[in-house]
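>>> no sequence on this one, just coordinates:
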């Protein structure tokens, strides 16, 4: 079945350092979404990428979708303590069910 | 105003009991989902309904039965609860079922089976 692998599982950084999480799918995706879940909270949508090679930025966050639409990354520049949480990628395939396959998530800890 | 709400927030119960979790969305969305998040934070889709019709039914024990009385509500009933059912259950909704829309998650129901 379709799988979405996400690495690393955990990352501890010093405030001000950069952070990257990577997502890989076993199959070609139609789109990829990224969500952030704060400790004790629920997943909140960050962004969606649809086009091959697409790059989108949100302030210090940069999202990329691979040329083959099988991988994606989220890079945070100069992390802050407010970036703490678990980041999930979720891959979709063209269908009429709306099913997203979530990666395992990367939990980011930021030391002040 | 809460977009996607779930009740209860916390549920502690004994093995073998039957319990229900309720979800409501006021976003006017057509599609609703149930996810299970285990202790390792892995988010797994369980069910999805589009306009009251079941469209995703993953490999879930038949002790779990979803019900959608209307497109704004999706409930989850669990029979004969087991220890392994302990998890956080998230309800979510999206505009439609094409998979290209944002999914809005509820606050979660933390279920602990003793």
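Sure, I can see it. Note that the structure is a prediction, hence the values are computed from the model and not measured.
>>> On the strand side of things, show who the residue lying closest to residue A:11 once chain neighbours are set aside bridges to.
Distances taken as C-beta to C-beta, 6 or more residues apart in numbering or on different chains put residue A:108 closest to residue A:11, at 5.3 Å, once the chain neighbours are dropped. Yep, even glycine has a C-beta here, placed from its N, CA and C like the rest. Note on residue A:108: beta-bridge partners residue A:11, residue A:85, judged by DSSP bridges.
>>> Report the contact partners of residue A:108.
Taking C-beta atoms under 8 Å, 6 or more residues apart in numbering or on different chains as the contact definition, residue A:108 lies against A:11, A:13, A:19, A:21, A:76, A:79, A:83-87.
>>> Isn't residue A:84 up against residue A:40?
No. Between residue A:84 and residue A:40 there is no contact under C-beta atoms under 8 Å: 11.3 Å.
>>> Look at these two and report which has more neighbours.
Comparing residue A:84 with residue A:40 by neighbour count (other C-beta atoms under 10 Å in any protein chain shown), the higher total belongs to residue A:84, at 15 against 10.
>>> List, one by one, the residues from chain B near chain A.
Applying C-beta under 8 Å from any C-beta of the partner chain, we find that chain B lies next to chain A at B:31, B:33, B:40-45, B:48, B:50, B:55-56, B:90, B:92, B:94, B:96-108.
>>> Go through stretch A:37-52 and flag the buried ones.
By neighbour count with 16 or more other C-beta atoms under 10 Å in any protein chain shown, stretch A:37-52 contains the buried residues A:37, A:42-43, A:45-46, A:48-49.
>>> beta partners for the nearest residue to residue B:46 once chain neighbours are set aside?
Distances taken as C-beta to C-beta, 6+ apart place residue B:34 nearest to residue B:46, at 4.4 Å, with adjacent residues excluded. Beta bridges link residue B:34 to residue B:47, residue B:91 when assigned by DSSP bridges.
>>> so what's residue B:34 up against?
Taking C-beta under 8 Å, 6+ apart, we find residue B:34 in contact with B:23, B:45-48, B:66, B:74, B:76, B:89-91.
>>> Quick one, grab the pLDDT at it.
At residue B:34, the model reports a pLDDT of 96.
>>> so residue A:8 makes contact with residue A:107?
No. Residue A:8 sits out of contact with residue A:107 when judged by C-beta under 8 Å, with a separation of 9.0 Å.
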